[in-house]
Every structure is written in structure tokens, then in C-alpha cells.
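Trainee: here you go, sequence then predicted model.
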Amino acid sequence: MTSIAKPPVRHPSSRTNGLGFVLRDYEGAMSTLCAGCGHDSVTAALVQTAWELDLEPHRVAKMSGIGCSSKTTAYFMKQSHGFNSVHGRMPSVTSGAAAANRDLTYIGISGDGDSLSIGLGQMSHAIRRGVNMLYVLENNGVYGLTKGQFSAAADIGSTSKKGEANQQPPIDPVLLALTLGVSFVARSFSGDKKQLVPILKAGISHKGFALVDVISPCVSFNDHEGSTKSYKFTREHEVESVHTDFVALRREITIPETQEDVSVVQMHDGTSVRLRATAPDYDPTDRESAYAHVRACQARGEIATGLLFIDESKRDMHDFMNTIPTPLVDVPFEKLSPGKAALEKLMDRYR
Amino acid sequence: MSGINDFAFKMGTVNGTGSASANSLLMQAIFRMGIPVTGKNVFPSNIQGLPTWYEIRVSKDGYTARPSAVDMVVALNPSTYAKDVATVRPGGYLLYDSTWPLDPDLVREGITILGIPFGGMCVEAFQKDRDRTLLRNIAYVGALAALLDIDMDIVGQMLTEKYGKKPQLLDANHKAIKLGYDYAKANYTCPLPFRLEKMDATGDSILMDGNTACALGALYAGATVGAWYPITPATALMEAFKSFCEKYRVDKDTGLNNYAILQAEDELAAAGITIGAGWAGARAFTNTSGPGISLMQEFIGLAYYTEIPSVFFDVQRCGPATGMPTRTQQADLMSLAYASHGDTKHIVLFPANPKECFEMSVESFDIAERFQTPVFVASDLDIGMNDWMVKRLEWDDSYRPDRGKVLDAAALEKIQKFSRYLDVDGDGIAARTLPGVGGKGAYFVRGSGHDKHAAYTEDSDAYQEVVDRLTRKFAHAATQMPKPAIHRQDGAEVGLVTVGGCDAAVREAADLLHAQGIPVDVMRIRAFPFGVEVSDFLAQHERTFVIEQNRDGQLRSMIGIELGVARDSLIPILDYGGMPLTAKVVVDAVTAHFAGVTV
């Protein structure tokens, strides 16, 4: 996950998770991204998330498209199955995989170019479809692999490294997702692991499509004075809307239940998310107010972060399709093919 | 040459007026009289209002190609009267709606014009406007029953099957049929010189379209994921799959589906879903037509290079671009065989009729998994959307899917290290694992340069090792494809090579040529890559014609490219106007060629 190779020796004092794995077991290949890239911090958060959730690595499918962000899948959970597909089309590949095998944990990693330009349609329809997946959008407002063109997430007036100012309005993935009926949407900052980890955990545990937009600065092409996706700008303008804690099933609950202003969302799998509103009257279960809040922050030049909206009552893709709980890949052939007698009977209908 | 159980007729109607059910009633009634029959729907690319035709060919000898001449036209659409009158063969008949007088300019010497006031009779007999329009079509079924001697008991029985539960509709249909029947009997000499007589030649046959047959094949092969985007003429394939799944694939205990059909936002996504599901281990497919194949190119290349089993049904229509969506062609051959950028080659299967659609559909899933690659089933509009008389479909309950080389957890235990693209057996096929299997089997699928271990590489040798193996795998596939269908005639020095739905017309043409003293051997290619049988056949014939339905002779080019046969040594017969091929086109081209040679 980092650009520095670490010795393979496990420190005797390393903590193990419920499966007996240490944190390092959830790491992947060495990152080839630029030193200081926000994406590597997201990777670190994903490693911690998977470790803390006791995810069985081989039951996780890491999905991505093309771009700097999409390289992330190689940098965590090396024992997981990974799929680096084509630019902007990770959502459809994941939809197919999830249709075939609903028992795996799908983690999709994308970027603002991958999701908001070439893949805008696919992301939108994966949201509509309610694919049960965590969708991490590493958002840096710029095309890094092709050296610095504006992405569709670049704010008006935000400048490129060469000083050129962006003219076109940005697409905000959070607002878009809310409009499309997403059941889980959050925004965070790669530099804020404390906030990002519980959000990622909640996103993975959520049954349905969970979008996490992570502002993840590009140190090479978009971390300068005129950028609104730089470390400096994000740190100065981040406004936490909701403070999020994720409570796993078997872990001790460390925050007292009685704490004021805490709302607990019981999740489908029995875990819970604890949300403490930091913005006055913020209700993360109300789509309309979530939308209004994000818009209001935007108007003030602020970046609303936290778990912005959650609805655990919504149905996911398999609910829509009324699919059996057994993964389709595990259904025996005998149950799938109607057999000779049925065909003979059917043939009479074509006489 | 027209006579008992050997003639053709066609109906010219207005799209959306209920003529489709009238026409299928006619064809099915003839079929149930035991007489071989074919129906071709010539329909416009719109919802309603435009001219549409339905051609029915009756052939006691069992020929199922589009007829070369039409003995009678039933003209019910004034806007096409001129065309319809011109279509009738000399000595043939025109049946028209005499409620309105026929323009004298349209009267043609040498054909018999029969008028029946279908419109007027229906206005008198029925109250509702809609009934008057729809039943006008049923009335011509009655008239044709009298003129052609269709068994009225069979017609009655079919109406009961169709409308038995709706007495009002049943009565109205009976009434309309009787109107037409009685009028024809009272005013004309019935039956006509060409007419029907019961036979016993359809007992082991069915009438089915290719899209339905492909859907059944996917069902029987155990496909569980279907992804698609609506497109003419492929749409009905997934719709049929859905209705079969609703019948056969709902878990009895829970009422839940053991299948998933995803209507995607576009063809790109449909291909992505298919590939994602194939990677995850499901038998997955998508159905589309030429414009969809164009959009799927990127994913096809990915599936080829990453070696993911997936099945693509391409129901071809006229291209390029949007082309003619409701007309048939075989113009996607090269874009399937070499789909996507870079060095790619794909397995393509070419069914010729619905029975083969069923069989090749099942086979396509086996081949896709055995060779871990996309497989195309290249059907076309004529095969896909028209009803064909074929032998009843059969199923062997001992069939089990060929899942190819898939390492499960137990198999992984036995090996030291799993490398995704390692050619252990020397046949070009590396073993794969499915996501979810133990950590040892996990690997990273990437469309970027990878070595035999699936690791990223930009090393020339490591890259070439993988792409060269893909070539070997393809060569190996050539030995296991469906063999060409070859029919020989004694003393033939001429070879006819064809593909797909041209088969019926080419086989008929072969008989006609033989009768003219030109014996020919016919080879219908059934798969790409071509097996050795294809080159052998070409070598055996001094003169070979390649008959296909596209402008540029794509099959001919592919034979040239793949087998090193000089393209100029193959004589093209190309028919690409969008209509199903007739035997006449082939016979004329071959005889003209010989006439030219001997002059």
C-alpha cells in the first residue's frame, strides 16, 4: 500500500482480528502512486476497515475501472479476487458478478474521471439498480494518469497546475446519488482516517449501494493554491455534518447509549451506525434535508462530510429481482435445466 | 409449376391492424394439415401504420427458403396496390378488398383479379370500429380457406385454442371467417388450381422462430444471468428467456427466482454485466444486434484478453449504422470474428435455423467455458424472427455442462501455487478459479498487459508469451468447433459455400442446378475458426461460389485471411438487399457465371 517495501516478518505484538489476521494481512501490492497521494490514505483506511470488520479476504471482490484511483484495488487485500475492468465500466461488471454470486463482499474503487465522466451512466444505473456494494469514489478533481486535465468534479474557477481556470460546473456525486435514490451516501476526506474508517465500515455493512465520495488530493497535479481539491483547501473547508461511529456486532460499545443527539441506525446485518449531528437539525435519514444541507454547504464554499444519508429499509438489486438467497453460481444444474420431459411437452405448443 | 401443395402467396396489409395473428393462423392451419410451410414477415421499422407483408410458401418437397415467385397477393393496403399487383407472377391472382373500386390503371393483363368486399362486410357485421378493422383481416383468412381449400375444422379448432376463454372474441372471429369463406364460395370457383391437400409431412416438426430457440437453449444450458438492452431484432430472445424462466426457473418452495435478468442502460453495460457474471462463475449471456455489437467492442476485447467465458447472441440486421432494423443481413461476420482493438479473434457459431439455434445455444456455453472466451452465436433477423418448420427439439437428460478447467478449493489444495494464465496441459487453456474460492486461488483480472501469473507487465517476452498462448488456444478451438454441413451430388465439380440462414435457399438451388445438369456440392460453414474440413472442401472443387448476405463478401474474405486461399479463386454470390435469400438468386448467378465462361 505504500511505496516502501516492508519486511515480511510479523511483529509478535501485532494485534489479530477475529479471524486471526494481523493488519498487514490486509495489505496489497506496493503502491505505484505518487508519494503523498490521497488515494494511498484511502487504501490505508480500507485495510483497517477490512481488518476491523474481520472480512475474509477471499470472500471479497475488489472491482475497479481505469485511472489512478482504479489502481487502488491492487494495493489492499492481496488475497482477494480483483477485477480491473475498463474505464468507467466497473459498475456493470460488478452488477453481473453480484447477480451471479450475491454472497461476496463487493468493494468498488473509482475516481472522479472514471465515475463522473466516462462512467457517469454506469454509476447512475448501478445506484438505481441497488447493487449491494461499497462504491468508493476517490475524488481529486483531476485526471492524474494523463497529467492534469480537469475532471467533471473540478469546481468553477478552480485552476489547473498551469493556472487555467475551470469554466464548467462540477458534478457533485453526493447530490447526484441522492437524486437517484441511493440508500447510503457519505463524503469524507482521505486525510481524515478517523472519520473515513467508520464510514467505510458502515458502507460495507449496508445492504444496497453505498457511495462514499472521498476528497483525495492529487499531489502531482491538483494540490496547489488555486485548487479546491487540495489538502490545504479541504482541511480548511471541511464541515462535518454528522459524526459517524460504526458499531460491529461483537464489539464492545464504547460510546454510552445515553449520549445526547446520537441516533442509532440499525443495519440490515445487525450492526449499527451511530450518528451524532454536528450541524444543527441535521437528519441523515431525511433525503430532502440531506440534499439541502449539501447544497447549502456548497453555496458557502464548504465541503459537507460525514455519513450524509442512510436508509436501511430500501431494497437492493436481488430484492428487485426476487432472486433466491443461494448464490446463482451455487444452484445445481439439475435445478436449472427443465429436462427432456418438459421439452417434449413444450414442443406440443409449437405444433 | 404451381399446383397442389406447391405455391406461394402473400398478404399486403397495414402494420398494427391485427394482420399478424391472421397470417400466423393461416400458416399454422396449413402446417396442421401436414403440409410443409414457411412464413416470412416483411415488416416496417415502426409501430403501426406502414405497409407490411407476410409471405407464405407451401412446399410439398419441404423447401423452406423464401419463394422466388408469388402465385397470389392478398392486397389489403391501398397504398401498396401498385407494388402488389406487380408482384404477382404471370397467370397468378390478386385478391383485394372490393369495398372500394380498384383503380383501373392497376388492372394488369395476365393475372386474375378477385374482389371481396371485406371492409363493407365487416362494417355491416360488426358494431365497434376496432372490430371492423381487426376482423377484416380474419375475413380474408376465411376467403383464403375457401380459395385454397384450407381445412375449416382445423381453423375452427385453432380459434377455439386461441379464444376459447373469451366467447365474445371467439364468436366474432368465427363470424368474420364465415363472411370471407361464404363470399368466396358464392362468387368464385373454389378452390383455385393451386390449392392444399392434407399430407403427413409435418408430424415430427414444429414451427418456431430462432430467438425463441436460442432462449430455450440458454435455459437448457443452465444460463442464470441474462443482460441486455432492447434492440430489433434481438429483443424477443431475452423476452422468451424471461417467459421460460418464469415457467421453469421459479423455486417451487420459496417462489423465488433462480435466474437474474438485467435490462441494462445500454449495450456497454449489458456486455459488462455478462462478463462480470461469467467471471463470477455463472453461465451468462447477452443478446443484441449489429449496433449493439459495435458498442460492446471494448468489453469483448477485455473478455478475450482476460479469458472470461461469455455468450453473445447477435441477431444480425442490415447495416451499417442503424441500417434497416427490420431487414435481414449477414453483415456482422467480420466484426464478430475480429471484434475489438488489438489482436483479437473470436469463436463464432452460425446456426442456420431454429433447431440449430437451440443446439448451438447450448453448445456456445460449453465452448465459452471450455475455451474461457467470448463466444458469438450469429443468428439473423430471418432466422430469429420468422417461424421456421424444423424437427422437434430434443434433449438428452444425461447432458451436463462442460465447465472447462475450473479449480475448486480441493484442487487448489493439491497444487503448490496457482497461476491464472499458465498453460499446464499444453493446449493453450489455463485453469481458472472463481471468486470466493480460497485465498490461494485469488488473482487479479486485468485488461492491461499481464504475464502468465496474471501480474502486470510491460515486459515484451512476458506479454508475448500470453498473447501467443491465446493464438494456440484459438488454433486448438478450431479442432473442436461444429463441423461444416456438407451435402454432395454425384459428379460435382462445383462447390457452393454458404453460412447461416442462406442454407435453405442454397440447398434448394443445388437441387435446381442439378436438374439443369450442373451437379454441385454444398458446404455450410457452421463455425469460426474454420476446421480442416473447410480447406479440404475448397481444395476438392475446381470452382467454388461463396454465397452470403453482405456487400463485401465477408465470409469470402475470412476464408482468404484464415486459410490462405486466394480470394479471387472464390466466386462471390452476394445478396444484401435485406430480404431472405431465394434459390433463384443462387441459380441465376451460377448459371450466368457458366454462360459467361463458355461464351
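Mentor: On my side now, so go ahead. Remember, it's a predicted structure, so these values are computed and weren't measured experimentally. Numbers count the residues shown, from 1 in each chain, chains lettered A, B, ... in the order given.
Trainee: mind giving me the packing neighbours of the helix-or-strand element of chain B with minimal mean pLDDT?
Mentor: Of all helical and strand segments in chain B, the minimum by mean pLDDT, DSSP states H and E falls on helix B:583-598, at a mean of 91. Counting by 3 or more CB pairs under 8 Å, 6 or more residues apart in numbering or on different chains; DSSP states H and E, the packing neighbours recorded for helix B:583-598 are strand B:494-499, helix B:503-515, strand B:543-548, strand B:570-574. Placement of C-beta: from N, CA and C, glycine included.
Trainee: buried deepest among the ones you listed, which one?
Mentor: strand B:494-499 (a mean of 26; mean count of other CB atoms under 10 Å in any protein chain shown).
Trainee: which residues are contacting it?
Mentor: Residues external to strand B:494-499 that are found in contact with it (CB atoms under 8 Å, 6 or more residues apart in numbering or on different chains): B:330, B:333, B:350, B:352, B:506, B:509-510, B:513, B:518-525, B:537-538, B:540-548, B:555, B:559, B:570, B:586, B:590.
Trainee: now do B:Ala509 against chain A, distance only.
Mentor: Relative to chain A, B:Ala509 is positioned 28 Å away (criterion: CB to the nearest CB, to the nearest Å).
Trainee: how much space separates the residue sitting furthest away from the middle of chain B from B:Ala462?
Mentor: No residue in chain B sits farther from the centre than B:Gln416, which is 47.9 Å out by CA atoms, centre = their mean. The spacing between B:Gln416 and B:Ala462, counted by CB to CB, to the nearest Å, is 20 Å.
Trainee: and what of B:Arg249?
Mentor: The span separating B:Arg249 from B:Ala462 equals 44 Å under the rule CB to CB.
Trainee: how close does the residue lying closest to A:Ser289 once chain neighbours are set aside sit to A:Phe309?
Mentor: On the basis of CB to CB, 6 or more residues apart in numbering or on different chains, the spatially nearest residue to A:Ser289 that is not a chain neighbour turns out to be A:Asp283, at 5.3 Å. When CB to CB is applied, the distance between A:Asp283 and A:Phe309 equals 9 Å.
Trainee: that's a strand at B:His341, yeah?
Mentor: No - when DSSP: H, G, I helix; E, B strand; the rest coil is applied, B:His341 is found to be coil, with no strand at that position.
Trainee: isn't it up against B:Gly301?
Mentor: Yes - counting by CB atoms under 8 Å, B:His341 sits close enough to B:Gly301 to count as a contact (6.1 Å).
Trainee: comparing the two, which shows the higher neighbour count?
Mentor: Per other CB atoms under 10 Å in any protein chain shown, whichever of B:His341 and B:Gly301 has more neighbours is B:Gly301, with 20 against 10.
Trainee: in which helix or strand does that one reside?
Mentor: B:Gly301 belongs to helix B:290-306 when elements are defined using DSSP states H and E.
Trainee: point out the residues in the stretch 251-351 of chain A that sit beside chain B.
Mentor: Counting by CB under 8 Å from any CB of the partner chain, the positions of the stretch 251-351 of chain A adjacent to chain B are A:318, A:321-326, A:328-329, A:331, A:333, A:335-340, A:342-344, A:346-347, A:350-351.
Trainee: filter the residues you listed to the buried ones?
Mentor: Neighbour counting by 16 or more other CB atoms under 10 Å in any protein chain shown classes A:318, A:321, A:323-324, A:326, A:328-329, A:331, A:336-338, A:342-343, A:346-347, A:350 among those as buried.
Trainee: OK, contacts around residue 159?
Mentor: Picked chain A for this. Remark: with contacts taken as CB under 8 Å, 6+ apart, A:Thr159 is in contact with A:Ala165, A:Asn166, A:His224, A:Glu225, A:Gly226, A:Ser227.
Trainee: try again with chain B
Mentor: Shown in contact with B:Leu159 (CB under 8 Å, 6+ apart): B:Leu25, B:Leu170, B:Asn173, B:His174, B:Ile177.
Trainee: joint contacts of A:Asp283 and A:Phe309?
Mentor: Shared between the contact lists of A:Asp283 and A:Phe309 (criterion: CB under 8 Å, 6+ apart) are residues A:Ala290.
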